[in-house]
Each structure stands twice: as C-alpha cells, then as structure tokens.
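Colleague: Need coordinates for the following:
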Amino acid sequence: SATAINTAYKPGVDATRLLLSVGELSGIELVEVVGYGDDGKPQWDRSAVLGRASTVVWDFEWALLGGKLAERWIAGGSAQGELGPIGVRAEGHVGLSDADGDGELDDAGVGRDEVHGRLAAGADIPFEWHNARVAAEYSFVSDGGSAPGEYVERAGRLLPDDQPFLGRHYAGASVSGEIIPILVASVMGLVNLEDGSGLAGLSLIYSVADEADLVAGAQLPWGRRPTADASPLGATPQSELGLWPASVFAESRIYF
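Modeller: Model prediction:
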C-alpha cells in the first residue's frame, strides 16, 4: 500500500506512479517500486520498474505491459470487460530470469527456469439479491511443481515477490453477499489441480462505523499430510495445501 509508512512492517512501499492520458479511454502508466535486501537496504535486483499501455476497444480494456520485476524481466498483457451479465478478465506474462539484475539473463545453473510464465483468468456474475456475487478463477504457474515431490525444490526457487504457492495449476471459486446491509459474508474454495488438495474459507465483514470494519473468519485445508522419513526436513510433502494449518482469524480495519 502506498499509504503505509513503516517500511519494516510493510517493505516495498517506496514507489512512484506516473499516469499519462493519451485519449478519453487510453493511457500510459509507469510504476517504480523500491525493493529491499535482507539487510533492509534498497536493492536494484529486488526493485521494479514497469510500463503499461491500455485502451478500450469493443467495451473491453486491453493492456500491454513490460519491464523489470524482482530478479526478472517480463512482457505480458491483460483484458477485462463484460459479456452480457458476466464479467471476464485474463492476464498473463512471460518472465526472463535475471537474479542479479544486471540486465544479462541467467542460465539454468542458477536453479531457476530461464523462461517462465504466469496466467490467470476468471469470470464473475453479480446479482441484485443481497448484492451477491459468484466468481471463479484459474491460475497457471509454469515453473511450479507438478508433483508433491517437487514442492521442496520449488520453495527454494520462489522469487522475492512470488505468492507462496508451490504447484502449477489452481482453480478457485467464491460466493459473497450481504446478510444485512452492514454485514457481508463470503465463502471461497481453492484447489491445487495437480494433487487435489484445497483450502476452504469463510469470512464475515461487519461495518461498525462509516470508516471502521470488524473482520472474522476461518480457513480449513484438506489434502494428504506429510509423511515422516529420513529426508533432511524429516518429512516429505504428500500434497501442497495439506501442509497448511486450519486457522481462525479476527481483525479490525479503520480507514482515515
């Protein structure tokens, strides 16, 4: 968040964003974000400079993007819009590994794929009844593990800004709506399509004032648990999301 102040609590908030309108429905955007090393000092190989150009055609927003992210260079695009009552979106990019940020691409010796891809696509349908919304999403990570035996190695190859997922193919769905105007409930499910493990979640958001919310919920994973053995970690994963703990959470949010 650009409004966060404490960079020790939320590293990477030092950012600059420039937006140039080149038409009523077109624009060019440049974003620069400072990344930090383990010593807390700014570090070029973990920083990002990204350009994005977008326009609206056939009631869809189309965009091309490219630049440098943490330890890699990327090029990709996105599209989002509505097909009748259904909102659809898709985005993806191809990444080229550059672990030290020197502009020269890495080879396979760094333990990371030279070229990798990310793809996400989804759709949602809104309803007037209780302002409900149903959504579904698919995600593909080319350099993720294709079997539980690859997850430990994959964890060691995660990029600094990667999401903490170890597999390749995921599908998710969610349903949300207002129980009463000041209480919103949502239910979600996420499945690793490679090993069948998953995560179900429930959250409640209660508006206690104009600028304050209370949030509570629970997450319940399923999947095969690790088996103890003589490996260096003392256990071998049998599924990804089966590694996650069941949890409950509560938080307060105050906006100002």
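
Colleague: got a pLDDT number for the closest residue to Leu241 other than its chain neighbours?
Modeller: Spatial nearest neighbour of Leu241, chain neighbours left out: Ser197 (3.8 Å); criterion: C-beta to C-beta, 6 or more residues apart in numbering. Any C-beta I mention is one placed from the backbone N, CA and C, and that applies to glycine too. pLDDT recorded at Ser197 is 95.

Colleague: then stretch 139-151 to PDB, C-alphas only?
Modeller: Taking C-alpha atoms only, stretch 139-151 is exported to PDB below (Å, rounded to 0.1, in the frame of the first residue of the first chain):
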ATOM      1  CA  SER A 139      -4.200 -19.800 -12.400                       C
ATOM      2  CA  PHE A 140      -1.200 -21.300 -14.200                       C
ATOM      3  CA  VAL A 141       2.400 -21.100 -12.900                       C
ATOM      4  CA  SER A 142       4.800 -22.700 -15.400                       C
ATOM      5  CA  ASP A 143       7.700 -23.100 -13.000                       C
ATOM      6  CA  GLY A 144       5.600 -24.600 -10.200                       C
ATOM      7  CA  GLY A 145       5.900 -28.200  -9.000                       C
ATOM      8  CA  SER A 146       4.000 -30.800 -11.000                       C
ATOM      9  CA  ALA A 147       4.000 -33.300  -8.100                       C
ATOM     10  CA  PRO A 148       4.400 -33.200  -4.300                       C
ATOM     11  CA  GLY A 149       8.000 -34.500  -4.600                       C
ATOM     12  CA  GLU A 150       9.000 -31.200  -6.400                       C
ATOM     13  CA  TYR A 151       7.500 -28.800  -3.800                       C
END
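
Colleague: any chance you could map the helices in this structure?
Modeller: Assigned by DSSP state H, the chain shows helices spanning 151-155.

Colleague: shaky segments in it?
Modeller: Applying pLDDT under 70 to the chain flags the ranges 1-13, 107-112, 230-234.

Colleague: Any idea how many residues pack against the residue nearest to Leu241?
Modeller: Under the neighbour criterion other C-beta atoms under 10 Å, Ser197 is assigned a count of 24.

Colleague: Ok, Leu83 next?
Modeller: 10.

Colleague: what bridges to the nearest residue to Leu64 once chain neighbours are set aside?
Modeller: In space, Leu64 comes closest to Gly77 once its chain neighbours are excluded; the distance is 4.9 Å by C-beta to C-beta, 6+ apart. Beta-bridge pairing of Gly77 under DSSP bridges involves Leu64, Gly92.
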